[in-house]
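Asks: Dropping a prediction and its sequence here:
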Amino acid sequence: MSSPNPYQTPWDQTESYQSEPEHEGLGWILFSFEGRIPRRVFWGASLGIGVVFYIILFAVMLIMNEAAATVVLLLLYIPMVWISLAIQIKRWHDRDKSGWWIFIGFIPIIGAIWAFVETGCLRGTFGPNRFGADPT
């Protein structure tokens, strides 16, 4: 057994520093901007959050008057934007592209089509990429 190299970094001496962070659970899918998710998780989260949003929207509009419902819905809109950004960025990561690609959606017509095809239709990169292991 050889002695450890004194010129070696601490990360090379132990594997505990090289372990991947935990990427699982609904909280990670909805609120984290790190890692990769496959298309099935992207579509499931997108559709699930959309359904929950509209159920809450309908319930709030039935229960409250118009002014109070507007305030509640504006407060609900903030987490919806966060969740939408989180799942879209993880899909761009799965395609081995930076999360900044979400801004392509601001290009009229072509940007929305491009974002839909890239995040919703195409498979992510095979094997690990710079954003993590292959989630499929």
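Replies: Great, that's in hand. Numbers count the residues shown, from 1 in each chain.

Asks: quick one, phi psi at residue 129?
Replies: In terms of degrees, to the nearest 10, the main-chain angles of residue 129 are phi -130, psi -170.

Asks: Hmm, residue 96 and it touching each other?
Replies: Yes: between residue 129 and residue 96 there is a contact at 4.3 Å, judged by CB atoms under 8 Å. To be clear about C-beta, it is placed using only N, CA and C from the backbone, and glycine gets the same treatment.

Asks: what stretches of this structure score poorly on pLDDT?
Replies: Counting by pLDDT under 70, the chain has low-confidence residues at 1-23.

Asks: What lies in contact with stretch 66-78?
Replies: If you take CB atoms under 8 Å, 6 or more residues apart in numbering as the criterion, stretch 66-78 is touched by 53, 56, 57, 60, 61, 63, 64.

Asks: next one: stretch 42-52
Replies: 29, 30, 37, 80, 83, 84, 87, 88, 90, 91, 119, 120.

Asks: Can you redo these as CSV, where the extra columns are distance to residue 135 and secondary structure?
Replies: What follows is these, written out as CSV (distance: CB to CB, whole Å; DSSP: H, G, I helix; E, B strand; the rest coil):
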residue, distance to residue 135, secondary structure
29, 11, helix
30, 15, helix
37, 6, coil
80, 23, helix
83, 18, helix
84, 19, helix
87, 13, helix
88, 15, helix
90, 9, helix
91, 10, helix
119, 14, helix
120, 15, helix
